[in-house]
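Engineer: my questions concern the predicted model and sequence given below.
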Amino acid sequence: MAPLFKMLEAGFELLVPLVIAQLVDVGIANGDRHSIINSALLLFALAIVGMIAAITAQYFSARVAMDFGREVRGALFRHIESLSYSNIDRIGTSTLITRMTSDVNQMQTGVNMILRLLLRSPFIVFGATIMAFRVNAQVAAYFVYILIALFIVVGAIVVITIPLVRKVQERLDKVTLHTRENIVGVRVIRAFNRVDEESEEFKDSSKLLMKMQLLVGRVSSFLNPVTLIIINVGISCIIYNGGLLVSTGGMQKGDVIALYNYMSYILVELIKFVNFIITVSKMFASAGRVAKVMEIEPDIKFDNENDIDLSGVSNHSISFENVALTYPGTREPAVEGVSFEAHEGEIIGIIGGTGSGKTSLVNLIPRFYEATSGSIKIDGYDIRDYSKKQIRQMVSINEQHATAFSGTIAHNIKLGNDEVDQEKLQQAIRMSQAQEFVSQKEGGAEFEVNAEGRNLSGGQKQRLAIARALAKDSPILILDDSTSALDFATEKKLRTAINEIKKDKIVFLVSQRAGTLMAADRIIVLERGTVSGIGSHDDLLKSCEVYQEIYRSQMDEEVAS
C-alpha cells in the first residue's frame, strides 16, 4: 500500500508542470480568466490528492517499519536467549546491545525509506525525463546528459560511503563497550580514583567515532553542491536553447517552464535518492551485523523436544563420570577428571581456592556449558537426552553474582516459578532469612526494587536471590557462593533451613568457607580443576592436604564465630 500511494502521489506531481504550461500558454498569454481559474482549481485538486496520497503512504510505511523493527528485535532477543554462555562470552555483551538497539533502529529507518522512495524517486526521475521528451525532444536531450553525469557522481559517493559506514558501526560497538564498562563499574572506578583517566579514554574513543562520522558526512556533503552545479548547468542549457526556440516560434513559453520544473524535480529526487542509498547502505551494513548474530549456532543444542518420563523415579540422583570442561579459546581445562555421585537427601559441598573450577563444575549440571568430555547423568539419563525446559525445571540455581530485577520483591522471587502462591512465597522468604528486611520495607513483599537491586544491600540481594531459588522448588538446588555477603549468624540460620528441606532435594553448596560446608554430607575439594578429595568434613581433615590448608587458614575466624 505504501509504494502504491507513493506512486500515485508521484503521478499527480508529474502532471503539475503540464497544467502550469497550460496556465501560461493559454490562460495568461490570451488573458483567458476562465482558463486561469480552471488551471488554478486543477492545481489545487492535484495538491490535495497528492497530500492525501503522501500521508497515507507515510502511515503505511511507518507502520510496516515499526512492525518490522519489533519482529526483528524480538527474533534477535529470542535467538540470543537460545545461545549458550560460551556463545555470549565470545560475542560480547556490548556488541549484542548495539545489535539490539542501534542496528535494528537503522534497519527500521531503511525499511521506511525503501517503502517511500525505492519506487517513487526512480519513477519521478525517469518519468520527468519522459515527460520532458513529450514536451520537446530537442531540448529534452539535455536531460539524458544530466542524468548520466548525476549517476556517475551518485555512484562514486555511494561506493566511497558504504565501507566508511561499516567502520563507523564497528567503532560504535567499541564506544558502547566502553560506556557499559564505565556504568557497570562506576563504583570501582570512583573507589580507585580513575574517574579522570576513564573520562579521558572515553573522550578519545568518542572523538575517534566523531572523526569517522564527520568523514562520512564530508563525503556525503559533496552530493548537494556537485548535483546543484550539474542541474544548474542543465537548467541553463534548457533556458538558453528553449529561449532560442521560443524566439523562432518552435516552442512556447509554458513548455520552457515545464522543462525547468521537470529538471528541478530530478534535482530534488536525486538528492533524496542519494540520501536513500546511504541510509539503505547503513541498513544493509546493520542487517549484516544482525545476521551474523542470527547465524551463530548455539554451542549447546537440545535435540530432544519431549520430556523424559520420570514418574517411576523415587530417588533423584546425579552422577559425574570423568567430566572435563575447557572453555573456548583456552588451552588448560577449567575442570578435568571429575567423577562422583549424589543422591536425594544429600548436601554436597564444593570447596576450593579462587579459580579452582567450583562454578564451572555446577554450571555443567543445568547445561549452561557443555562438558568437553565425560558424561553427566540425572536419574540415570544423560543430561543431553533431556529437553531444555525439563532440565531447567529440574535445576534451581543461585549464581555467584546475586541479580535483582526492577519490580516488586514478590516479582523477583516468583521469577523462578510464576505459579508460586502466597504461602510458598512467604515460606521462601522465611527460609532464605529475608523476612527481617522484607518486613521492614514499605509494602513488604510488594516493595519496589530498583533495576539491579540498587536500593538493596549486598546481603539483601543475596537473600532475595536465595529465596528465588528456593521458591522454584526443584529437585536439584545449587547455591553458588550464595552466602559471601551474609554474617555468620544469618548464614547458620540459612544452613539450618536448608537441612530441613534436603530430604526432598539434592543440594549443592559452593563456598570458600570451610565452616559453611562442615555439616555437608560430602565435600568435594577442587584444586586447579581436579578433585583433590571427596568425603565428610572429618574424613577430609585426616586425608586431604588441600582441605587441611583451607581449614587451618580459616580456623581462627571460624572458631571466633
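Structural biologist: Nice, I can see it.
Engineer: and the longest helix for the chain?
Structural biologist: Under DSSP state H, the helix in the chain containing the largest number of residues is helix 33-82.
Engineer: from the chain's centroid, how far away is that one?
Structural biologist: How far helix 33-82 lies from its chain's middle: 28 Å, per C-alpha atoms, centre = their mean, to the nearest Å.
Engineer: which elements pack onto that helix?
Structural biologist: helix 2-22, helix 104-117, helix 253-295 (3 or more C-beta pairs under 8 Å, 6 or more residues apart in numbering; DSSP states H and E). Placement of C-beta: from N, CA and C, glycine included.
Engineer: other residues contacting the least confident helix or strand in the chain by mean pLDDT?
Structural biologist: Using mean pLDDT, DSSP states H and E, helix 29-30 stands out as the lowest-scoring helix or strand of the chain, at a mean of 70. Helix 29-30 has contacts (C-beta atoms under 8 Å, 6 or more residues apart in numbering) with 253, 254.
Engineer: what's the local residue count around the closest residue to residue 16 other than its chain neighbours?
Structural biologist: Once flanking residues are discounted, residue 16 sits nearest to residue 46: 5.9 Å by C-beta to C-beta, 6 or more residues apart in numbering. As a burial measure, residue 46 scores 18 neighbours (other C-beta atoms under 10 Å).
Engineer: and the gap between the nearest residue to residue 13 once chain neighbours are set aside and residue 116?
Structural biologist: Among residues not flanking residue 13 along the chain, residue 50 sits closest, at 6.0 Å (C-beta to C-beta, 6+ apart). From residue 50 across to residue 116, the span is 14 Å (C-beta to C-beta, to the nearest Å).
Engineer: between those two, which one's more packed in?
Structural biologist: With neighbours defined as other C-beta under 10 Å, residue 50 and residue 116 compare such that residue 116 has more, 24 against 19.
Engineer: center of the protein, which residue is that?
Structural biologist: Centroid check for the chain by C-alpha atoms, centre = their mean gives residue 100 as the closest residue, at 2.6 Å.
Engineer: that one and residue 75 touch, don't they?
Structural biologist: No: counting by C-beta atoms under 8 Å, residue 100 stays clear of residue 75, with 10.9 Å between them.
Engineer: please identify the buried residues of whichever helix or strand comes after the longest helix of the chain?
Structural biologist: Using DSSP states H and E, the helix or strand that follows helix 33-82 in sequence is helix 85-91. By 16 or more other C-beta atoms under 10 Å, the buried positions in helix 85-91 come out as 86, 87, 88, 91.
Engineer: check stretch 130-144 too.
Structural biologist: 131, 132, 135, 136, 139, 140, 142, 143.
Engineer: how long is that stretch end to end?
Structural biologist: 10 Å (C-alpha to C-alpha, to the nearest Å).
Engineer: likewise for stretch 292-309?
Structural biologist: So stretch 292-309: terminal residues 38 Å apart, C-alpha to C-alpha.
Engineer: quick check, the residue nearest to the centre of the chain in a strand?
Structural biologist: No: using DSSP: H, G, I helix; E, B strand; the rest coil, the secondary structure at residue 100 is helix, not a strand.
Engineer: return the distance of it relative to residue 63.
Structural biologist: For residue 100, the distance to residue 63 (C-beta to C-beta) stands at 21 Å.
Engineer: low-confidence stretches in the protein?
Structural biologist: 416, 556-561 (pLDDT under 70).
Engineer: would you list every one of the strands in it?
Structural biologist: Under the criterion DSSP state E, the chain contains strands at 317-325, 335-343, 347-352, 373-378, 381-382, 395-398, 407-408, 448-449, 476-480, 506-510, 522-527, 530-535.
Engineer: do you know which of those strands lies nearest residue 555?
Structural biologist: strand 347-352 (14.2 Å; C-beta to C-beta).
Engineer: residues touching that closest one, excluding its own?
Structural biologist: Here strand 347-352 has contacts from 340, 342, 358, 361-362, 498-499, 502, 506-512, 514, 516-517, 519-527, 532, 546-547, 550, using C-beta under 8 Å, 6+ apart.
Engineer: quick one, helices of the stretch 451-561 of the chain?
Structural biologist: For the stretch 451-561 of the chain, the helices defined by DSSP state H, counting those that start in this stretch cover 458-472, 488-501, 514-517, 537-543, 545-560.
Engineer: can you put those in a markdown table and add mean neighbour count?
Structural biologist: Converted to a markdown table, those look like this (neighbours: other C-beta atoms under 10 Å):
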| stretch | mean neighbour count |
| --- | --- |
| helix 458-472 | 24 |
| helix 488-501 | 16 |
| helix 514-517 | 24 |
| helix 537-543 | 15 |
| helix 545-560 | 14 |
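Engineer: nearest to residue 366, of the ones you listed?
Structural biologist: Each of those has some distance to residue 366 by C-beta to C-beta; the shortest is helix 458-472, at 11.7 Å.
Engineer: helices or strands up against that closest one?
Structural biologist: strand 395-398, helix 409-414, helix 422-431, strand 476-480, helix 488-501.
Engineer: what are the contacting residues of that helix?
Structural biologist: Counting by C-beta under 8 Å, 6+ apart, 396-399, 402-404, 409, 412-417, 420, 424-425, 427-429, 431-434, 437, 449, 453, 456, 477-479, 482-487, 490, 494, 501 sit against helix 458-472.
Engineer: among the residues you listed, which ones are buried?
Structural biologist: 396-399, 402, 404, 409, 412-417, 420, 424-425, 427-429, 431-434, 437, 449, 453, 456, 477-479, 482-486, 490, 494.
Engineer: skip the chain neighbours and tell me the closest residue to residue 1.
Structural biologist: Closest to residue 1 by C-beta to C-beta, 6+ apart is residue 60, at 4.5 Å.
Engineer: report the contact partners of the one you found.
Structural biologist: 1, 2, 5, 115.
Engineer: and residue 379, by the same measure?
Structural biologist: Here residue 379 is in contact with 310, 313, 316, 317 (C-beta under 8 Å, 6+ apart).
Engineer: okay then, goodbye and thanks.
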